[in-house]
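Participant: Sequence plus predicted model, see below.
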Amino acid sequence: MTSSQPIDNGVARRIVVGVTGASGAAYAVRVIELLAERGVEVHVACSNLGKRLLAEEAGIARIDADALSGGRGDRLVMHPGNDVGAACASGSFRHDGMVVVPASSNTLAKIAHGISDNLVQRAAQVTLKERRPLVIAHRESPIGLTEIEAMRKVTEAGAIVAPLSPGLYLQPESVSDLVDFMAGRILDLLGVDHQLPIRWDEHLAAARGKSDRDDSSSR
Ligand SMILES: Cc1cc2nc3c(=O)[nH]c(=O)nc-3n(C[C@H](O)[C@H](O)[C@H](O)COP(=O)(O)O)c2cc1C
């Protein structure tokens, strides 16, 4: 199975989300919210700096399931970020994929080198060794050779690096449009269905429909 194929007839049942200390807490919150909305059981682990970024950028000072999921806390399982003995730290924990969002250069480098200092890193290592889908939504700019080499290593190990770099071709009107663009692409990579308006072909079809309507009304 490749990571972009639907899981279990299109229904992903269990996804691990790691949140680390890169800018972009809004992406984490939106991905968690969408997964919970889709009925996925979401296992969340935050690094220490991930918690700080959630507080500073998203105003989530107390990390709890409801705050992170827009009220769908019943779908979330929160794991202590430093507990490398948590359930999702074990290869025997069955899941359908993991995303690290946002992923700091620090966590990217640790995953690339097989270092597991916290639960996010450990769960990512285990996801790779068990050959499950791992999406690393990295955020840093510019990047240097260290990050490029780390990206090469994790890609060779089976991960997908998905830089948090939303396209502008759908003419976004707000920050939330940009966040949704990336959140939708991440769900695609995890094989989780969604209805976000992020598809170029649908955009073209809508534009064509509008131009046809404009033409007929001007006749
Ligand atoms: C406000 C703030 C913003 C940061 N933004 C980034 C970032 O966008 N990308 C990055 O790689 N590191 C960023 N860092 C640095 C990381 O948080 C730092 O390297 C930390 O060790 C990451 O730890 P973690 O990977 O365990 O979460 C930021 C730190 C702070 C305090």
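Facilitator: Received the coordinates, thanks. Numbers count the residues shown, from 1 in each chain.

Participant: Can you tell me the closest non-neighbouring residue to the residue of the chain found nearest the ligand?
Facilitator: When distances are taken as CB to the nearest ligand atom, the chain reaches nearest to the ligand at residue 21, 2.8 Å away. Every residue, glycine included, has its C-beta placed from N, CA and C. Nearest residue to residue 21, sequence neighbours excluded (CB to CB, 6 or more residues apart in numbering): residue 49, at 2.3 Å.

Participant: give me the number of residues near that neighbour?
Facilitator: 17 (other CB atoms under 10 Å).

Participant: Which strand or helix spans it?
Facilitator: Per DSSP states H and E: residue 49 is located in helix 48-58.

Participant: Report all helices and strands that the helix or strand just after that helix contacts.
Facilitator: Once helix 48-58 ends, the next helix or strand along the chain (criterion: DSSP H and E) is helix 65-69. With contacts taken as 3 or more CB pairs under 8 Å, 6 or more residues apart in numbering; DSSP states H and E, helix 65-69 sits against helix 25-37, strand 41-46, strand 76-79.

Participant: Go again with 6 Å.
Facilitator: Helix 65-69 sits against helix 25-37, strand 76-79, with contacts defined as 3 or more CB pairs under 6 Å, 6 or more residues apart in numbering; DSSP states H and E.

Participant: Would you mind giving the secondary structure of residue 173?
Facilitator: Following DSSP: H, G, I helix; E, B strand; the rest coil, the label given to residue 173 is coil.

Participant: Enumerate the positions of stretch 206-214 that are buried.
Facilitator: By 16 or more other CB atoms under 10 Å, stretch 206-214 has no buried positions at all.

Participant: would you put the C-alpha positions of it in PDB?
Facilitator: Provided in PDB are the C-alpha atoms of stretch 206-214 (Å, rounded to 0.1, in the frame of the first residue of the first chain):
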ATOM      1  CA  ALA A 206     -16.200  25.900 -11.700                       C
ATOM      2  CA  ALA A 207     -14.500  28.700 -13.600                       C
ATOM      3  CA  ARG A 208     -15.600  27.200 -16.900                       C
ATOM      4  CA  GLY A 209     -19.200  26.900 -15.600                       C
ATOM      5  CA  LYS A 210     -19.200  30.500 -14.500                       C
ATOM      6  CA  SER A 211     -17.800  31.700 -17.900                       C
ATOM      7  CA  ASP A 212     -20.500  29.700 -19.700                       C
ATOM      8  CA  ARG A 213     -23.200  31.300 -17.600                       C
ATOM      9  CA  ASP A 214     -21.700  34.800 -18.100                       C
END
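
Participant: No further questions, thank you.
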